[in-house]
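>>> A predicted structure for the sequence below; I have some questions about it.
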Number of protein chains: 4
Amino acid sequence: MEAIGKKVWVIAEGYIPGDNPEKEKEFISHETACILNTSEKDAQIELTVFYSDREPAGPFIIQVPARRTRHMRFNDLQNPEAIPRDTDYSSVFKSNVPVVIQHSRLDSRKAETALLTTMAYSG
Amino acid sequence: MEAIGKKVWVIAEGYIPGDNPEKEKEFISHETACILNTSEKDAQIELTVFYSDREPAGPFIIQVPARRTRHMRFNDLQNPEAIPRDTDYSSVFKSNVPVVIQHSRLDSRKAETALLTTMAYSG
Amino acid sequence: MEAIGKKVWVIAEGYIPGDNPEKEKEFISHETACILNTSEKDAQIELTVFYSDREPAGPFIIQVPARRTRHMRFNDLQNPEAIPRDTDYSSVFKSNVPVVIQHSRLDSRKAETALLTTMAYSG
Amino acid sequence: MEAIGKKVWVIAEGYIPGDNPEKEKEFISHETACILNTSEKDAQIELTVFYSDREPAGPFIIQVPARRTRHMRFNDLQNPEAIPRDTDYSSVFKSNVPVVIQHSRLDSRKAETALLTTMAYSG
């Protein structure tokens, strides 16, 4: 299978709510980048996070093995720094092989969950 | 009418919740690929499902007659295997004729439903 | 201003819930195609609706004046026929001038509303 | 880093609910355009708002500094005029440098929130 996708992707919307009344991990509010690597080579992806009032952070290094998907939670990023809660941000992904990236968020600040998703923009 | 669309489509986000408190079929949590075949020829589509920790599964064979739409529920796939619940996956569709594919999910784990949708990525 | 967009658009996902417990018009479940015509010429758009088990219906004629937007509810279509409720469908739009089309749905079958949106596919 | 994106973007869907039972700012119903400027130059963006029954309004001037994101709420626009509530509209953005724009809405007319998002259309 030939690798499908692009090497540069952008998610302009980013926001992790700070308030998490839910206890179970699957219902904690989270932002996710779903990354599919259809290639025969492991993907090494550099993620840069942009803010409204400071210089960009990163690169964060994300690995997605050959022929695998990874649903990466922004909540879990720690190195070189964590993403602050209740803060607007945007993301730029640069990969060494073509990948496809889709953005989704589960918001559980209220009792019921809200969901959103969109394909990222391929630069 | 000339056939509209592409022959390769990707949905990077995939997740079927395992818990289904709802009884009516229309309110059971489900992931759907809405496939439109505007061509004059029946579409034969090979679906490959990618996981985070094992080799891809498939191909699943999906047929969409000429000038028809099909809202295919991932929940219903059985051959060559079912999609496991509560598991991250991604999907790649390869068709013999141009089609258009849109992704949607209805999530009813909570009392209220949540919806999401996006156009798939055309490779 | 030069006209922005394309002349052919596809929304693969379509479904109008039949059950509408809500009384106010703004909260009745509905599918919408938001059509922007930035051109200096009135847009004449032919909409064809595709089903899973019968020949396509249409064309429905939709007019969007020059420099205007129209948020067209599929619920309101009557000519040449209405869209049946609780039925899967897809839509193809063909315009005489470039337009931009975005799909959205408000679902109020449960007490709380659910929303989805995506840009249509430009063929 | 080379600037990513396009200079012309369209969001065909626009609607700010007029009823806001929520008190906290983060839960007031709002439409947002998330704009990422990865370039080394400040972005000067002209926004034109299209309506269904009158001539377009604008331009509204939006600034996004170099290497910054801005999550711009349509609710906050005042100059040359405010966006009326409970009114259908569409948006066209023209930037002097490439940017990426994503659309989102939080709807809190009911007790629970609903979310939607999609990448804008790049003209």
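Looks like it came in fine.
>>> quick one: strands adjacent to the lowest-mean-pLDDT helix or strand in chain A?
Ranked by mean pLDDT, DSSP states H and E, the weakest helix or strand in chain A is strand A:114-119, scoring a mean of 85. In the sheet containing strand A:114-119, the strands it pairs with under DSSP bridges are strand A:89-107 (antiparallel).
>>> any idea of the mean pLDDT in the partner strand?
Averaging pLDDT along strand A:89-107 yields 94.
>>> what sits against the spatially most central residue of chain A?
Note on chain A: the residue nearest the mean C-alpha position is residue A:33, at 3.1 Å, using Cα atoms, centre = their mean. For residue A:33, the residues meeting the contact criterion (Cβ atoms under 8 Å, 6 or more residues apart in numbering or on different chains) are A:11, A:71, A:72, A:74, A:91, A:93, A:101, A:102, A:103, A:120. For every residue, glycine as well, the C-beta is placed using N, CA and C.
>>> check contacts around the residue of chain A found nearest chain C.
Relative to chain C, the nearest point of chain A is residue A:112 (6.0 Å; Cβ to the nearest Cβ). By Cβ under 8 Å, 6+ apart, the contact list for residue A:112 reads B:110, B:111, B:112, B:114, C:112, D:112.
>>> and with 10 Å instead?
By Cβ atoms under 10 Å, 6 or more residues apart in numbering or on different chains, the contact set of residue A:112 is B:107, B:109-114, C:110-112, C:114, D:110-114.
>>> just these now: which is nearest residue C:25?
Using Cβ to Cβ, residue D:110 is the member of the contacts of residue A:112 that sits closest to residue C:25, with 15.4 Å.
>>> doesn't residue C:107 make contact with the closest one?
No: no contact is recorded between residue D:110 and residue C:107 when judged using Cβ atoms under 10 Å, the distance being 11.8 Å.
>>> spit out the residues that contact the two alike.
Shared contacts of residue D:110 and residue C:107, defined by Cβ under 10 Å, 6+ apart, comprise C:113, C:114.
>>> so residue A:75 sits in a strand?
No: looking at residue A:75 with DSSP: H, G, I helix; E, B strand; the rest coil, it is helix, so not inside a strand.
>>> quick check: closest non-adjacent residue to it.
Beyond its immediate neighbours in the sequence, the residue positioned closest to residue A:75 (Cβ to Cβ, 6 or more residues apart in numbering or on different chains) is residue A:30, lying 4.9 Å away.
>>> show me the beta-bridge partners of that neighbour.
With DSSP bridges as the criterion, residue A:30 is bridged to residue A:106.
>>> that one reaches residue A:109, doesn't it?
No: here residue A:30 lies out of contact with residue A:109, judged by Cβ under 10 Å, at a distance of 11.8 Å.
>>> tell me the one of the contacts of residue A:33 nearest residue B:4?
Ranking the contacts of residue A:33 by separation from residue B:4, with Cβ to Cβ as the measure, puts residue A:102 on top at 22.3 Å.
>>> for residue C:39, see how far away the closest one is.
Counting by Cβ to Cβ, to the nearest Å, the gap from residue A:102 to residue C:39 is 32 Å.
>>> looking at those two, which one has more neighbours?
A side-by-side neighbour count of residue A:102 and residue C:39, using other Cβ atoms under 10 Å in any protein chain shown, places residue A:102 first with 27 against 20.
>>> the closest residue to the more buried one other than its chain neighbours: how many residues sit nearby?
In this structure, residue A:102 finds its nearest non-sequential neighbour in residue B:12, 3.8 Å apart by Cβ to Cβ, 6+ apart. Applying other Cβ under 10 Å, we find 32 residues neighbouring residue B:12.
>>> what of residue A:70?
Residues contacting residue A:70 under the criterion other Cβ under 10 Å number 24.
>>> and it, what is it in contact with?
A:32-37, A:43, A:45, A:62-64, A:99, B:12, B:50, B:52-53, B:88, B:90.
>>> among the residues you listed, which lie within helices?
Secondary structure assignment (DSSP state H) places none of the contacts of residue A:70 within helices.
>>> are any of the residues you listed buried, and if so which?
When neighbours are counted using 16 or more other Cβ atoms under 10 Å in any protein chain shown, those contain these buried positions: A:32-37, A:43, A:45, A:62, A:64, A:99, B:12, B:50, B:88, B:90.
>>> surely residue A:110 meets residue D:107?
No: the pair residue A:110 / residue D:107 is not scored as a contact, 11.8 Å apart, by Cβ under 10 Å.
>>> can you pull out the strands in chain A?
Assigned by DSSP state E, the strands in chain A fall at A:6-11, A:30-37, A:43-51, A:57-64, A:68-73, A:89-107, A:114-119, A:121-122.
>>> which one of those strands is the most hemmed in?
With neighbours taken as mean count of other Cβ atoms under 10 Å in any protein chain shown, the strands of chain A reach their highest mean count in strand A:114-119, at a mean of 26.
>>> tilt between it and strand B:6-11?
For strand A:114-119 and strand B:6-11, the angle between their directions (axes from the mean of the first three to the mean of the last three Cα atoms, to 10 degrees) works out to 140 degrees.
>>> and the direction of strand A:114-119 versus that of strand A:30-37, what angle?
Between the direction of strand A:114-119 and that of strand A:30-37, the angle (the same axes, to 10 degrees) works out to 30 degrees.
>>> just the pLDDT for residue A:19.
Predicted confidence (pLDDT) at residue A:19: the value is 66.
>>> and the closest residue to residue A:79 other than its chain neighbours, bridged to which residues?
Spatially, and ignoring its direct neighbours in sequence, residue A:79 is nearest to residue A:60 (6.8 Å; Cβ to Cβ, 6+ apart). For residue A:60, the residues forming beta bridges with it (DSSP bridges) are residue A:47.
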